[in-house]
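Visitor: my questions are about this predicted structure, shown below with the sequence.
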Amino acid sequence: MKQAREAALLFLSKVSTLNGLFILAVVAALVWGGAFLLFAYVWLPGFVAGEEIVVPDDLIGLSYKEAVERALDMGARVDGAKTAHQHSAEMPNGYVISHTPRPGQKVKATRALVFTVSKGPEMVSAPDIVGYSEREAESQIKTAGLRLGAAAYTYSDALIEAGKVIASTPQSGDAVESGSKVDLLVSLGPRRIQVRMPNLIGKEVTEAEAILAKRGLRVGEVKIGIDPSRPRRSIALSQEPAPGEMIYQGAFVRLTVNAAGDSTSGRFVVASHTVTGNPDAYKRVRLVIEDDEGKHILIDDRVQGGSPLSFPRTVVGNAHLLIYENDMTRPIQRKRLP
């Protein structure tokens with residue numbers, strides 16, 4: 001009986017131990033199961049979907065430092081390595097022009113903001129447009145990254161032809177913001193002033209030229225006449241316009257000069273040339289007579305295209321007329337005089 005009793009107690013002890021282990025196993029299973037469910041249904045979806053934030057809509061226009069601080073305070077990330085820089089005429093240097101993602105967009109908190117920051121306005125050099133027509137000047141202005149502004153018009157005492165630029169603001173070479181306006185001062189041509197035509201009859205040609213020059217006039221076409229009663233060559237026999245008429249400065253005066261009379265040396269010639277080009281353009285013109293006595297400059301001035309120039313002169317020996325237009329280093333023509 002005693003042995004049977006001991007055997008029964010041992011069995012009950014083992015059963016109790018097994019029950020404890022079973023209970024512990026059940027509790028452990030519940031704990032791990034709950035943790036798994038928490039991971040699978042709570043933490044994992046949140047990790048996959050990502051926490052979402054709304055991109056602040058007040059970052060544009062802030063300095064880069066302020067924008068970064070503001071974004072971080074809102075829980076966003078900033079990728080500074082991808083920050084871009086570009087010129088902006090509207091935004092000062094160092095301020096935010098734009099960013100991605102865009103303002104107000106809902107994004108994952110893990111997505112970083114990338115800023116585009118202003119380098120300030122682009123600076124360009126104002127072009128040299130003096131002497132250009134308005135259309136040519138506008139083309140040069142646009143090529144330089146600028147805009148045509150206002151145009152003012154005035155007479156040019158420097159004989160800059162009508163329609164050509166006299167000056168610009170800003171001036172050539174000035175550093176200005178890209179897109180700025182360039183204002184023009186455009187020539188109306190020489191001021192049209194009327195003067196009274198002097199009496200040149202009986203005057204030597206060189207003296208007549210000097211008289212006309214003082215009034216802003218020039219000798220134009222010259223014809224040869226013969227008047228044996230006149231004691232000297234190259235004096236004016238007639239003129240057009242007539243003495244006393246009112247004419248505009250810059251006009252050309254036609255003369256008839258005497259080819260008769262005594263001359264101690266040389267021969268009488270008329271050196272003539274019609275300026276090439278259109279009447280709306282001026283050129284620098286130089287005419288030079290070259291003979292056995294040397295070189296003699298007849299004119300060195302800006303002259304309108306198409307203008308006839310004539311200079312009666314006495315020459316000695318072999319004589320040539322050297323004609324220069326714009327380029328004063330090389331004549332465009334070398335004519336032998338009769």
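Guide: Thanks, I have the structure now. Numbers count the residues shown, from 1 in each chain.
Visitor: Thr206 looks like it's in a helix, true?
Guide: Yes: counting by DSSP: H, G, I helix; E, B strand; the rest coil, Thr206 is part of a helix.
Visitor: any idea of the pLDDT on it?
Guide: The predicted local distance difference test score for Thr206 is 85.
Visitor: over to Val165?
Guide: On the pLDDT scale, Val165 is placed at 93.
Visitor: the one 5 residues further on now?
Guide: The pLDDT attached to Pro170 in the predicted structure is 94.
Visitor: could you double-check that it sits in contact with Glu177?
Guide: No: judged on Cβ atoms under 8 Å, Pro170 makes no contact with Glu177 at a distance of 10.3 Å. Yep, even glycine has a C-beta here, placed from its N, CA and C like the rest.
Visitor: for these two, indicate the residue with more neighbours.
Guide: Between Pro170 and Glu177, counted using other Cβ atoms under 10 Å, the more crowded position is Pro170 (17 against 14).
Visitor: so who does the more buried one touch?
Guide: Ala126, Val176, Ser180, Val182 (Cβ atoms under 8 Å, 6 or more residues apart in numbering).
Visitor: and these, which is closest to Asp300?
Guide: Among these, Ala126 lies closest to Asp300 (Cβ to Cβ), at 31.8 Å.
Visitor: the closest one: how many residues sit nearby?
Guide: When neighbours are counted by other Cβ under 10 Å, Ala126 registers 20.
Visitor: ok so, going back, now the contacts of Pro170 in JSON lines, with secondary structure and pLDDT?
Guide: Compiled in JSON lines, the contacts of Pro170 are given as follows (DSSP: H, G, I helix; E, B strand; the rest coil; pLDDT from 0 to 100):
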{"residue": "Ala126", "secondary structure": "coil", "pLDDT": "94"}
{"residue": "Val176", "secondary structure": "strand", "pLDDT": "91"}
{"residue": "Ser180", "secondary structure": "coil", "pLDDT": "92"}
{"residue": "Val182", "secondary structure": "strand", "pLDDT": "95"}
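Visitor: so can I have TSV of those residues showing distance to Ser229?
Guide: TSV is the format used below for the contacts of Pro170 (distance: Cβ to Cβ, whole Å):
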residue	distance to Ser229
Ala126	65
Val176	70
Ser180	71
Val182	64
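Visitor: got a winner among those residues for most neighbours?
Guide: Compared across the contacts of Pro170, Val182 has the highest neighbour count, 26 neighbours, by other Cβ under 10 Å.
Visitor: that one and Leu148 touch, don't they?
Guide: Yes: counting by Cβ under 8 Å, Val182 does reach Leu148; the two are 6.4 Å apart.
Visitor: surely Arg111 meets Gly75?
Guide: No: counting by Cβ under 8 Å, Arg111 does not reach Gly75; the two are 11.4 Å apart.
Visitor: of these two, which one has the most company?
Guide: Legend: neighbour count by other Cβ under 10 Å for Arg111 and Gly75, higher for Arg111 (17 against 11).
Visitor: next one, pLDDT for the more buried one please.
Guide: We have a pLDDT of 89 for Arg111.
Visitor: could you identify the helix or strand that succeeds the helix or strand bottoming out on mean pLDDT in the chain?
Guide: Ranking every helix and strand in the chain by mean pLDDT, DSSP states H and E puts helix 44-49 at the bottom, with a mean of 47. Sequence-wise, the next helix or strand downstream of helix 44-49 (DSSP states H and E) is strand 52-54.
Visitor: which residues are contacting that following strand?
Guide: Met74, Gly75, Ala76, Gly104, Gln105, Lys106, Val107, Lys108, Ala109.
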